[in-house]
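[1] Give me a 3D structure for the following:
(2 chains)
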Amino acid sequence: MGESQEEFAIRVRDLVVGFGRQTVLDRLSLDVRRSEILGLVGASGGGKSVLMRTIIGLIPRRGGTIEVMGQPIGGRKEGAATTWGILFQQGALFSSLTVRQNVQFPLRENLVLSQELMDEIAIAKLEMVGLRAQDADKYPSELSGGMTKRVALARALALDPPILFLDEPTSGLDPIAAGDFDALIGTLQKTLGLTVFMVTHDLASLTTVCDRVAALADGKIVAIGPMRELLQSEHPWVRAYFHGKRSQMLQHEMR
Amino acid sequence: MNSQPLLLATPSGDVLKLRPEGPWTAANVTMLETLSRSVGADVDRSSAVTLDMSGVSALDTLGAWVLEKLSRRAASSGRSAELVGVADHFSGLMDEVRQVNRHTPAPAAAQNPVLLRLGDLGRSTVGAREDITIFLQMLGALFMAVIGVLRRPRSLRLTSLIYQLYRIGWQAIPIVALITFLIGAIIAQQGFFHFRRFGAESYTVDMVGILVLRELGVLIVAIMVAGRSGSAYTAELGSMKMREEIDALSTMGLDPVHVLIVPRVAALVIALPILAFIGSIAALYGGGLVAQFYGGMAPAIYIARLHEAISVAHFEVGLLKAPFMALVIGIVACSEGLRVKGSAESLGRQTTTSVVKSIFLVIVLDGLFAIFFASIGM
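    So this is what the prediction gives:
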């Protein structure tokens, strides 16, 4: 038992989530190992974001258990920011605060530290995600899409949480920016030893940064493993996903 | 392994040996700050500093930065600082924090407070001119759109107009009637109370009738509509602006003024006189009830007095003002809505501005009308 707690950052067992009569996740089980980058793919509207939001406690579940860092997830929200950081799809920056204040927000709410150190940490985080100190006094409405994502990442990392959730981190970015972002996540994961849970449709991200990829179809994880294994999968949906026209070019490169 | 962070400082000659121990993580930040501050003076005094990191059991960005700051402090002014015993899994993080916070931008120069105030004054003066320009632009755009509708009546958005009428007219009737009823009752009560002293109670009816029909009925209703519907218009248009819905309309070749603003302003212009009429009647009714139960005046006498005291002219003066007030409220609400920028805060600010400005303009307009009607003898 002790070993499994060491090995897995997130353990999901027989998770059932539904809205009204519709069942979105049906007895889903998933393990995320410590210090790995797990990519989650699935059809649009297939429950990827629902799974992520259920793990972080935003959506109530009907059944099953979720353990994060060996602790079962209940209704408790205190200390959530020190357990995980979340990068929402649209950034979800607080629009009335500057970039600097956005990054400082988790620090200010969870720790007691001097303003000077807080400023330095905020700038340090911004520089780590590739922004400049000059951007710190801008408001979220003045940022481009890529910058918004970077600031949101800096905020998610403000407290050095062991787990990082990313909801479509590269959507809406151009291929160069998306590539930079992937590299950034890879670097940060290595330096900080993060466990990263990434919901994405970006095949390039899946092949370049993800250690393992999980495919979600019909409310279950139908395949999980390194990208190469998933490409060999016989499941019809996984085949359609990775062997469709759009994936062909990537396939070609993989060979 | 220590559960609390420690910082051991052992001076040997000119060299200060610092040995951080335990978890240097964000959870212990308060202690870390105290620790690093306590050795600050020693660091400044010694000519060389060795930072031995072999005792650190856990490290995150925050802890790494506090250590990096110590070593930078030691390394400043030509002294030497050495980092030894960095565990393999911490070296990446230490390398990373060494890169950051190298270029601190110069803080903005403090400005003369008097100049700042003057600057604000100048900006708001220019801003006032801009407000007038925007108001006139919206009036012009609305006028052009109305001409377009008159030329091609079928282009009027009838569904939208009816829906807006339902929302800001029909749904507003209960609250408008209730409040004007209370206002009428209060005026009548005050009239009876004070006029009784010099036996002029019967003139209360004149006061209630003239005040309500000429001024208060329409003014109170206009203020309520500005607060109730004007704010809704601003918030709606503002959030549409934020989500680029208005840009989407324009790119489809549709004029946002025509599609969104004409139905809204037209609904206000139609609904406000009706609401003002309902409100005035409710106020007269409230006055009548007070006259009966507080002033001891029979309903028949109240109506007869009212009949003598007021003429159709009073009523006309009141209702004539209503469409103009509606136009002002509509234009202010819609143009403030279109001025919303990207943030939620801006939406809130613009909604507040819209309500404050339209109430102010309604009262100014009422004053201008009072002068006008007095000078033409109505």
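
[2] In space, what's closest to residue B:266 - neighbours in sequence excluded?
    Distances taken as C-beta to C-beta, 6 or more residues apart in numbering or on different chains place residue B:161 nearest to residue B:266, at 5.8 Å, with adjacent residues excluded. Placement of C-beta: from N, CA and C, glycine included.

[3] Figure out the length between the terminal residues of stretch B:47-56.
    24 Å (C-alpha to C-alpha, to the nearest Å).

[4] do stretch B:30-50 as well
    End-to-end distance of stretch B:30-50 (C-alpha to C-alpha): 23 Å.

[5] What are the buried residues along it?
    B:31-33, B:35-36, B:39, B:43, B:46, B:49-50 (16 or more other C-beta atoms under 10 Å in any protein chain shown).

[6] same check, this time on stretch B:274-285
    B:274-284.

[7] low pLDDT regions in chain A?
    A:1-6, A:74-82, A:246-255 (pLDDT under 70).

[8] sorry, back to before: what about chain A: which of the buried residues of stretch B:30-50 touch it?
    With C-beta under 8 Å from any C-beta of the partner chain as the criterion, the buried residues of stretch B:30-50 include residue B:33 near chain A.

[9] Which member of the buried residues of stretch B:30-50 is positioned nearest residue A:135?
    Here the nearest of the buried residues of stretch B:30-50 to residue A:135, counting by C-beta to C-beta, is residue B:33; it sits at 26.2 Å.

[10] And for the closest residue to chain A within the stretch 201-350 of chain B, nearest residue in space, chain neighbours not counted?
    At 3.2 Å from chain A, residue B:342 is the closest residue in the stretch 201-350 of chain B, using C-beta to the nearest C-beta. Nearest in space to residue B:342, with sequence neighbours left out and distances taken as C-beta to C-beta, 6+ apart, is residue A:141 at 3.2 Å.

[11] Enumerate every residue touching the one you found.
    A:95, B:341-343, B:346 (C-beta atoms under 8 Å, 6 or more residues apart in numbering or on different chains).

[12] what pLDDT, on average, does stretch B:294-302 get?
    When pLDDT is averaged along stretch B:294-302, the result is 91.

[13] What residues sit buried inside that stretch?
    B:295, B:297, B:302.

[14] From residue B:230, how far off is the closest residue to chain B within the stretch 51-200 of chain A?
    Nearest to chain B in the stretch 51-200 of chain A, going by C-beta to the nearest C-beta, is residue A:141, at a distance of 3.2 Å. According to C-beta to C-beta, to the nearest Å, residue A:141 and residue B:230 sit 24 Å apart.

[15] next one: residue B:345
    20 Å.

[16] What is the burial count for residue B:223?
    By other C-beta atoms under 10 Å in any protein chain shown, the residues close to residue B:223 number 20.

[17] Which residues lie in contact with it in this structure?
    B:359, B:362-363.

[18] repeat that for 10 Å
    Neighbouring residues of residue B:223 by C-beta atoms under 10 Å, 6 or more residues apart in numbering or on different chains: B:179, B:230, B:325, B:329, B:355, B:358-359, B:362-363, B:366.

[19] Look through chain B and tell me its longest helix.
    Secondary structure assigned by DSSP state H gives helix B:113-151 as the longest helix of chain B.

[20] One more: chain A?
    Longest helix in chain A by number of residues (criterion: DSSP H): helix A:175-192.

[21] hang on, the earlier thing: between which two of the buried residues of stretch B:30-50 is the distance greatest?
    B:31 and B:46 (23.0 Å).

[22] Distance to residue A:135 and secondary structure added to the contacts of residue A:141, as a markdown table?
    A markdown table is the format used below for the contacts of residue A:141 (distance: C-beta to C-beta, whole Å; DSSP: H, G, I helix; E, B strand; the rest coil):
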| residue | distance to residue A:135 | secondary structure |
| --- | --- | --- |
| A:95 | 16 | coil |
| B:341 | 18 | coil |
| B:342 | 16 | coil |
| B:343 | 17 | coil |
| B:346 | 20 | helix |
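
[23] List buried residues within the residues you listed.
    In the contacts of residue A:141, the ones that pass as buried (16+ other C-beta under 10 Å) are A:95, B:341, B:343, B:346.

[24] Could you spell out the sheet neighbours of the strand of greatest length in chain B, each with its direction?
    Among the segments of chain B that qualify as a strand by DSSP state E, the longest is strand B:15-24. Strand B:15-24 pairs in its sheet with strand B:6-12 (antiparallel), strand B:48-52 (parallel), strand B:56-59 (parallel), by DSSP bridges.
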